[in-house]
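Asks: Provided below for reference: sequence and predicted model.
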Amino acid sequence: MKLLQKYIYFFSFILFFINTCYSEYSSGFHFPNEKEEIIDGFFSKSRHTNNWAVLVDTSRYWFNYRHIANVLSIYRTVKRLGIPDSNIILMLADDVACNPRNQFQATVYNNAERKIDLYGDNIEVDYRGYEVTVENFIRLLTDRHLPDTPRSKRLLSDDRSNVLVYMTGHGGEEFLKFQDTEEISSYDVADAFEQMWEKRRYNELLFMIDTCQASSMFSRVYSPNILATGSSLTGQNSYSHHLDPELGVSVIDRFTYYNLETLEYVTLKSQKTLQYLFNTYDVSLIHSTPGIRHDLFERNLNKVLITDFFGAVYNIELTLKGYKLNRLNENDIPNVKQNTISNSDDKFEKINDNNDLIPKNKYKMIRINIKETSKVSPLFLLGFIALISSVVFMSKIIN
């Protein structure tokens, strides 16, 4: 009876280790903690492959100089971080650079010291003046353009695009004024974002707005993968930072100014996150309480890089699927002329139809067969050793 019990114990022990080893083998020899890190890393990284930015100034007139400076400051930042003009839609309701009251003609500054000309020599304005309307803005987001609208005025994003939407101007509770003639409501913005989601026009979207009662503008948003931040809560005003005495107007708003203080130190390789950016918001400096809404956003803000929206870090996806390349047939080889170079020159041997020199064929196409190296799990070895030990031990008992 005791011998039977020993048999049962040892066979149970062997089955336990075989089961453990099999589970490790079938999962690719990863330990549980490594699995968790891999899963966490996969879901914490953005799946986007391209970036777009929609930058909108909705205010006209010289005394709203700071709103144009706000937009051009963000425009300069996203261009510095790699987003090309082809992926930026810039909407300026007024051209203060050419305003007769601007004594520094063809320039726009966001600081009284006037160190950086935001207008510069390399700026592409897509919608200017009276083209900046609520209708055109919604058409832009929803891709419902008139047939003659050029590509430069279209948001050609897709379901792998991270989109930054920045707006600035005068507003109130759940509305933003366009040129003092019309308004866009929070419902309009929410419905436009929903159409974007239904049409697969974004992967993730960051909505940033600098206006009075800014947070009310994203209170009605209901589409997934949207992160929003604004300069002030509902019921609060937003304020300018400082003025230029020579221009006689304020040159930038506080919320945008303090965002730029962080963004100016961000590079393409920076690992600073949006949570880090939001943590820099200081109510005593901004003079209002910035609003942040992330309940619709899937990823942890500590894992979302600033460059996921303000930069153009292109992700490359590697797949395990291979593609077989067939050997070229003789008919597929282009015709070449005989060598017309002197025999003393042994570097080249042929000239093609375009009179290009063709080097001697030192490089040959070869097929490389790569054998996958198998990995041995420590638990697999342990189970194997336990199996051998149990067999030896059982043989001694039987003998």
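Replies: Perfect, I can see it now.
Asks: Pull the contacting residues for residue 126.
Replies: 88, 89, 90, 91, 152, 153 (Cβ atoms under 8 Å, 6 or more residues apart in numbering). To be clear about C-beta, it is placed using only N, CA and C from the backbone, and glycine gets the same treatment.
Asks: any idea how far residue 132 is from it?
Replies: Here residue 126 is placed at a distance of 10 Å from residue 132 (Cβ to Cβ, to the nearest Å).
Asks: anything in contact with each of these two?
Replies: Counting by Cβ under 8 Å, 6+ apart, the shared contacts of residue 126 and residue 132 are residue 91.
Asks: one step back: mind putting the contacts of residue 126 in CSV, secondary structure and distance to residue 231 included?
Replies: Shown next, in CSV, are the contacts of residue 126 (DSSP: H, G, I helix; E, B strand; the rest coil; distance: Cβ to Cβ, whole Å):
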residue, secondary structure, distance to residue 231
88, strand, 22
89, strand, 21
90, strand, 20
91, strand, 19
152, helix, 30
153, helix, 28
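Asks: shaky segments in the chain?
Replies: 1-45, 313-320, 323-384, 386-387, 390-399 (pLDDT under 70).
Asks: Quick one: the helices in it, in order.
Replies: 2-26, 32-44, 65-80, 134-142, 186-198, 254-263, 274-279, 283-286, 307-310, 378-398 (DSSP state H).
Asks: buried ones in the third one?
Replies: Along helix 65-80, these residues count as buried under the neighbour rule (16 or more other Cβ atoms under 10 Å): 65-79.
Asks: And the fourth one, by the same measure?
Replies: Taking 16+ other Cβ under 10 Å as the basis for neighbour counts, the residues of helix 134-142 that come out buried are 134, 136, 137, 138, 139, 140, 141, 142.
Asks: Which single one of those residues is nearest to residue 120?
Replies: residue 140 (24.0 Å; Cβ to Cβ).
Asks: Quick check: closest non-adjacent residue to that closest one.
Replies: Leaving aside its chain neighbours, residue 140 sits nearest to residue 155 (5.3 Å; criterion: Cβ to Cβ, 6 or more residues apart in numbering).
Asks: Could you do residue 298 as well?
Replies: That would be residue 225: by Cβ to Cβ, 6+ apart, it lies 6.1 Å from residue 298.
Asks: Residue 264 now?
Replies: Nearest one to residue 264, counting by Cβ to Cβ, 6+ apart, is residue 77 at 7.6 Å.
Asks: For that neighbour, give me its contacts.
Replies: Listed by Cβ under 8 Å, 6+ apart, the contact set of residue 77 reads 260, 263, 264, 310.
Asks: One more pass at 7 Å, please.
Replies: 260, 263, 310 (Cβ atoms under 7 Å, 6 or more residues apart in numbering).
Asks: Can you give me the distance of the first one to residue 201?
Replies: Which is residue 260. Using Cβ to Cβ, residue 260 is found at 28 Å from residue 201.
Asks: Among these two, which residue is more densely surrounded?
Replies: Applying other Cβ atoms under 10 Å to residue 260 and residue 201 shows that residue 201 carries more neighbours, namely 21 against 18.
Asks: one step back: out of the contacts of residue 126, which end up buried?
Replies: For the contacts of residue 126, a burial check counting by 16+ other Cβ under 10 Å picks out 88, 89, 90, 91, 153.
Asks: can you tell me how far residue 126 sits from residue 245?
Replies: 33 Å.
Asks: no, scratch that, I was asking about residue 284
Replies: 25 Å.
Asks: just residue 117 next, same as before
Replies: Relative to residue 245, and taking Cβ to Cβ, residue 117 is found at 18 Å.
Asks: neighbour-wise, which of those two wins?
Replies: Applying other Cβ under 10 Å to residue 117 and residue 245 shows that residue 117 carries more neighbours, namely 17 against 8.
Asks: That one and residue 105 touch, don't they?
Replies: No: using Cβ atoms under 7 Å, residue 117 is not in contact with residue 105; the gap is 11.2 Å.
Asks: Which one of the buried residues of helix 65-80 is nearest to residue 221?
Replies: Relative to residue 221, the closest of the buried residues of helix 65-80 is residue 74; by Cβ to Cβ it sits at 20.1 Å.
Asks: Spit out the contact partners of residue 180.
Replies: Listed by Cβ under 7 Å, 6+ apart, the contact set of residue 180 reads residue 60.
Asks: switch to 10 Å and redo it
Replies: With contact set as Cβ atoms under 10 Å, 6 or more residues apart in numbering, residue 180 has these partners: 58, 59, 60, 61, 64, 93, 169, 170.
Asks: Would you mind checking these for buried ones?
Replies: For these, a neighbour count by 16+ other Cβ under 10 Å gives the buried set as 58, 59, 60, 64, 93, 169, 170.
Asks: for the residues you listed, which one is nearest residue 302?
Replies: After measuring the buried ones among the contacts of residue 180 against residue 302 - Cβ to Cβ - the closest member comes out as residue 169, at 31.4 Å.
Asks: My guess is the closest one contacts residue 64. True?
Replies: Yes: the criterion here is Cβ atoms under 10 Å, and residue 169 meets it with residue 64 at 7.7 Å.
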